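Any chance you can model this:
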Amino acid sequence: MTDRFLLLLCAFALSGCNCFVPVEECVGIRCSRLPDGGLRDGGGRDGGVDAGRKDAGVEPDAGSCGVWDGGGVGKCAALTGYVQLGKVCRGECVLYPITTPGVYPTLGACVACGCDLTKLSAKPAQPFEEKSFCDEVVVTTTLPRLLEEAFPGYDGGACVAKGALDYECGLLGMSTLGDAGYARSCAATLVPYVTDVQCRVFVK
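Sure, this is the predicted structure:
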């Protein structure tokens, strides 16, 4: 009886508003952003960045990328895109067509814009730049699956648990970073729940 009641309740809710389609009519329910990494949370924390403000340590992309100004987002039950907050991209109920700067249809498009320099580090200490050599670049995160969403083809299965909550995920192998490696490292700093992107050099 309970299952039938829940089924009828869901059918009633969806008939009133197709909340899994990005339409402006979905105004009754806020997006669910679960801080525990629940289904399609897209990242619930903003890393201390207010909308429309660039913090110190944020390096904007040379293109026309902009920090989200609060527009182009509505209310619905499912995440339909991402907004650029300067130091992180956050999942939101994005309205289509997208016309607001700083709003993107995918996490990959969002993280390609900008860089949070405060999350770039090196061990042993050295400048983190295009000409840096790294034996590996490792990302520390609490939600590895968002790296797979941000970088199509990336295999998050190789991530290793580090402590109670964190994971270390290899982003790049041994190489001089170059423009492409530095851009990928920068993009990783904007993925939700990433706290550090580290260039490691093995000292023999």
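
my guess is Pro105 contacts Gly81, does it?
Yes. In this structure, Pro105 is within contact of Gly81 by C-beta atoms under 8 Å, at 4.9 Å. Quick note: C-beta positions are derived from backbone N, CA and C, even for glycine.

Neighbour count for those two, which is higher?
More crowded of Pro105 and Gly81, by other C-beta atoms under 10 Å: Gly81, with 23 against 15.

Show the contacting residues for the spatially closest residue to that one that is not a sequence neighbour.
Closest residue to Gly81 apart from its sequence neighbours, by C-beta to C-beta, 6 or more residues apart in numbering: Val94 at 2.9 Å. In this structure, Val94 makes contact with Pro22, Gly72, Val73, Thr80, Gly81, Tyr82, Val83, Val103, Tyr104, Pro105, judged by C-beta atoms under 8 Å, 6 or more residues apart in numbering.

if we can go back for a sec, name the residues contacting each of Pro105 and Gly81.
Val94, Ile98.

tell me which element the closest residue to Pro101 other than its chain neighbours is part of?
What sits nearest to Pro101 in space, not counting adjacent residues and going by C-beta to C-beta, 6+ apart, is Gly66, at 3.6 Å. Gly66 belongs to no helix or strand when assigned by DSSP states H and E.

and Gly66, how many neighbours?
18.

Quick check: it vs Ala158, distance?
34 Å (C-beta to C-beta, to the nearest Å).

three-state assignment of Ala146?
Actually, residue 146 is Leu rather than Ala. At Leu146 the chain is in helix, as set by DSSP: H, G, I helix; E, B strand; the rest coil.

Report pLDDT for the residue nearest to Pro101.
With respect to pLDDT, Gly66 scores 82.

Now do the phi/psi pair for it.
Per-residue torsions, Gly66: phi -140, psi 160 (degrees, to the nearest 10).

got the contact list for it?
Contact partners of Gly66, counting by C-beta under 8 Å, 6+ apart, are Gln84, Pro101, Gly102.

got it, and Asp155?
Taking C-beta under 8 Å, 6+ apart, we find Asp155 in contact with Glu148.

what about it, distance to Gly170?
Separation of Asp155 from Gly170 (C-beta to C-beta): 9 Å.
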